[in-house]
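Asks: Sequence and computational prediction follow.
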Amino acid sequence: MRTRIKICCIASPDEARIAIAAGADALGLVARMPSGPGPISDRAIAEVTALVPPPVATFLLTSETTADAISAHVRATAPSAVQIVSHIDPAESGKLAALEPHVRRIQVIHVEGPEALQLIPAYEPCVHAFLLDSGRPNAPVAELGGTGRAHDWAVSAAFVRATEKPVFLAGGLTAANVAEAIGQVRPYGVDLCSGVRTGGQLDPGSGEKMVKIVR
């Protein structure tokens, strides 16, 4: 199975077109966050989701933590998938599945240690996929992604083996380490942000290079 590629922090329709031309399978659209790079307005997110052609997926990154608020955010922006960046109450995950059954639901797990594996049974029944990232949700200012840091890939590899759901790998992936990460973790997909940007802007050359390495 080929490794899917999600290019995150898409800031505009032009960046969406660049990512699609580079070969992205999915685009990440970052809404308001407590910290980190790349947030854009809900209006801008909806503008991008309206123009992206199938089969490219659009992921809304939401920091909302209740099913009702996440559902409202989805309906305001019309993505094909929602990436829940906080460790929400599992009961809210189940409620969201009932509210938005036709939207793919991806739960982010912030890998701070082996205890990340303990979260699998809490979320697995109600999500379509997991995404492993390097945030620190309990920091004084919560970090919910976009850190540019890699985490312990041994834990990530164990997570992939422990769940039947697809797993995306995020966190500090660059042209220098993405092949090693894929070889060790064997994720369903990789999530790229800082590794395909120059001066904060999506770099067509870097994007195409990363896609070739992953392929």
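Replies: Looks like it came in fine.

Asks: outside of the worst-scoring helix or strand of the chain on mean pLDDT, which residues touch it?
Replies: Evaluated with mean pLDDT, DSSP states H and E, the helix-and-strand set of the chain has its lowest mean pLDDT in strand 197-198, which scores a mean of 86. The set of residues that contact strand 197-198 without belonging to it, under C-beta atoms under 8 Å, 6 or more residues apart in numbering, is Cys9, Asp203, Ser206. For the C-beta atoms, the positions are set from N, CA and C on the backbone; glycine is no exception.

Asks: Parallel or antiparallel, list what pairs with it.
Replies: Partner strands and pairing direction for strand 197-198 (DSSP bridges) are strand 201-202 (antiparallel).

Asks: quick one, which residue of the protein lies the farthest from its center?
Replies: Among residues of the chain, the one most distant from the C-alpha centroid is Pro140; the distance is 22.5 Å, by C-alpha atoms, centre = their mean.

Asks: That one: what secondary structure?
Replies: Of the three states, Pro140 takes coil according to DSSP: H, G, I helix; E, B strand; the rest coil.

Asks: quick one: contacts for it?
Replies: In this structure, Pro140 makes contact with no residue, judged by C-beta under 8 Å, 6+ apart.

Asks: Show the pLDDT at it.
Replies: At Pro140, the model reports a pLDDT of 72.

Asks: Return the distance of Gly207 relative to Cys9.
Replies: 12 Å (C-beta to C-beta, to the nearest Å).

Asks: To clarify, my last question referred to Leu96.
Replies: 24 Å.

Asks: where do the helices sit along the chain?
Replies: 13-22, 42-51, 67-77, 90-99, 120-123, 153-162, 178-185, 204-214 (DSSP state H).

Asks: For Phe130, grab the count of nearby residues.
Replies: With neighbours defined by other C-beta atoms under 10 Å, the count for Phe130 comes to 25.

Asks: who are the neighbours in contact with it?
Replies: Taking C-beta under 8 Å, 6+ apart as the criterion, Phe130 is in contact with Ile106, Gln107, Val108, Ile109, Ile120, Tyr123, Phe159, Thr163, Lys165, Pro166, Val167, Phe168.

Asks: Now it. Nearest residue, chain neighbours left out?
Replies: By the measure of C-beta to C-beta, 6 or more residues apart in numbering, the closest residue to Phe130 outside its immediate chain neighbours is Val167, 4.9 Å from it.

Asks: if I read this right, that neighbour contacts Ala129, doesn't it?
Replies: Yes. In this structure, Val167 is within contact of Ala129 by C-beta atoms under 8 Å, at 6.8 Å.

Asks: Overlap of the contact sets of those two?
Replies: With contacts defined as C-beta under 8 Å, 6+ apart, the residues shared by Val167 and Ala129 are Tyr188.

Asks: Could you check which of these two is surrounded by more residues?
Replies: It is Val167, of Val167 and Ala129, that has more neighbours when counted by other C-beta under 10 Å, with 23 against 19.

Asks: That's all I had, so thanks and see you.
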